[in-house]
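A.B. asks: sequence and predicted structure are below.
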Amino acid sequence: MPAENTNTRAWRIYGRRQLARAYTPPIPERLGWTPWEGIGPGAEVLGDVTGRRVLDIGSGAGHHAVHLAQAHGARVTGIELSPTQHERAVSAHADVDGVGFVQADVTEYLDGAEPFDAAYAIGTLAFIDPHRSLPALRDGLRPDAPLILSLLHTDLHGRGPSTEVTPREQMILLRDDPPLPTQMWVLTPQLWGDLLTECGFRVEAIDLLPHPDESATVIQQLIRARRLPDQPARVCWPTSQHPSAGARGRRRRSNPAQ
């Protein structure tokens, strides 16, 4: 089964399980980029989003989008591929001012959408082939718009990121239910930075955010990038034409974390 099809199935099952539990995550008091409270920055990394159109990529149950609208005055569109995850968001937050939820593939949605002023993904972009997602995001953002990405760096088993643009199996864990296998693009900061640069973004910083328990191995990456003005067409390859992407020697980011 192709990697993204595996992920679509997994998130549909995950959403169905959470609907059966009638579980709705609380609206956070601050935007968090990791599963752990108080680790890393908050919404300030997006800049002033008051009145601006912001895209929440893989919005899940919608609680982050609602926080950004209510606490920061943004006009947020939550885009979610999983119909069951989308159902969770709509059933809980359909009447919230400043928030709208769309069930669609993000690359297809952006193809016909008005460009956004900012976009972010909290742990979700790694489930989409970057050769497909990054060109769509570049075209779906206004020049100078921020793109903030929270991504897995080192997993529960201590496996660090890959130097090749290939997915690998990772599990979604849920209490009292079997784990759900997914395919994730868990890449080095250098490789994410190179891919973003090729697609017309300027990478401003990449930070590593470790688990608050020093005995835990999990580390998240936080990437802060910005969409540049129009670049020559060569900078962003479509998936079907992208050359083999292995370990790369060049570096285009402000933080040397790997």
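C.D. replies: Received, thanks. Numbers count the residues shown, from 1 in each chain.
A.B. asks: when you work out contacts or count neighbours from here on, use the C-alpha atoms and nothing else.
C.D. replies: OK.
A.B. asks: okay, now Gln220: neighbour count?
C.D. replies: Applying other CA atoms under 10 Å, we find 20 residues neighbouring Gln220.
A.B. asks: again but with Arg142, I slipped
C.D. replies: Arg142 has 19 neighbouring residues, counting by other CA under 10 Å.
A.B. asks: wait, what's in contact with it?
C.D. replies: Counting by CA atoms under 8 Å, 6 or more residues apart in numbering, Arg142 touches 115-118, 227.
A.B. asks: try it again at 6 Å.
C.D. replies: Neighbouring residues of Arg142 by CA atoms under 6 Å, 6 or more residues apart in numbering: 115-117.
A.B. asks: also Gly58?
C.D. replies: Shown in contact with Gly58 (CA under 6 Å, 6+ apart): 79-80, 124.
A.B. asks: and Asp56, by the same measure?
C.D. replies: Asp56 makes contacts with 78, 120, as judged by CA under 6 Å, 6+ apart.
A.B. asks: before we move on, back to that, who wins on neighbours among the contacts of Gly58?
C.D. replies: Glu80 (26 neighbours).
A.B. asks: where's that one relative to Gly15, distance?
C.D. replies: Distance of Glu80 to Gly15, given as CA to CA, to the nearest Å: 11 Å.
A.B. asks: related to what we said a few turns ago, make JSON lines from the contacts of Gly58 and add distance to Leu110, pLDDT and secondary structure to it.
C.D. replies: Below are these laid out as JSON lines (distance: CA to CA, whole Å; pLDDT from 0 to 100; DSSP: H, G, I helix; E, B strand; the rest coil):
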{"residue": "Ile79", "distance to Leu110": "10", "pLDDT": "98", "secondary structure": "strand"}
{"residue": "Glu80", "distance to Leu110": "12", "pLDDT": "98", "secondary structure": "strand"}
{"residue": "Thr124", "distance to Leu110": "16", "pLDDT": "97", "secondary structure": "coil"}
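A.B. asks: can you redo those as CSV with distance to Leu55?
C.D. replies: Converted to CSV, the contacts of Gly58 look like this (distance: CA to CA, whole Å):
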residue, distance to Leu55
Ile79, 7
Glu80, 11
Thr124, 13
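A.B. asks: which one of the contacts of Arg142 sits closest to Leu173?
C.D. replies: Checking the contacts of Arg142 against Leu173 with CA to CA, the nearest one is Phe116 at 32.4 Å.
A.B. asks: skipping adjacent residues, who's closest to that closest one in space?
C.D. replies: Leu141 (4.8 Å; CA to CA, 6 or more residues apart in numbering).
A.B. asks: same question for Leu46.
C.D. replies: Pro146 (6.3 Å).
A.B. asks: what sits against that neighbour?
C.D. replies: Counted by CA under 6 Å, 6+ apart, Pro146 has contacts 118, 225-226.
A.B. asks: and what of Thr84?
C.D. replies: Contact partners of Thr84, counting by CA under 6 Å, 6+ apart, are 12, 15-16.
A.B. asks: which one (most neighbours) among those?
C.D. replies: Scoring the contacts of Thr84 on neighbours with other CA under 10 Å, the highest-scoring entry is Gly15 at 21 neighbours.
A.B. asks: hang on, that residue in a helix?
C.D. replies: Yes: with DSSP: H, G, I helix; E, B strand; the rest coil as the criterion, Gly15 is part of a helix.
A.B. asks: could you double-check that it sits in contact with Gln85?
C.D. replies: Yes: taking CA atoms under 6 Å as the definition, Gly15 is a contact partner of Gln85 at 4.7 Å.
A.B. asks: avg pLDDT for stretch 145-153?
C.D. replies: Mean per-residue pLDDT for stretch 145-153: 98.
A.B. asks: just stretch 104-116 next, same as before
C.D. replies: For stretch 104-116, mean pLDDT is 97.
A.B. asks: pull the distance from that stretch to the chain's centre.
C.D. replies: Mean-position distance between stretch 104-116 and its chain equals 15 Å (CA atoms, centre = their mean, to the nearest Å).
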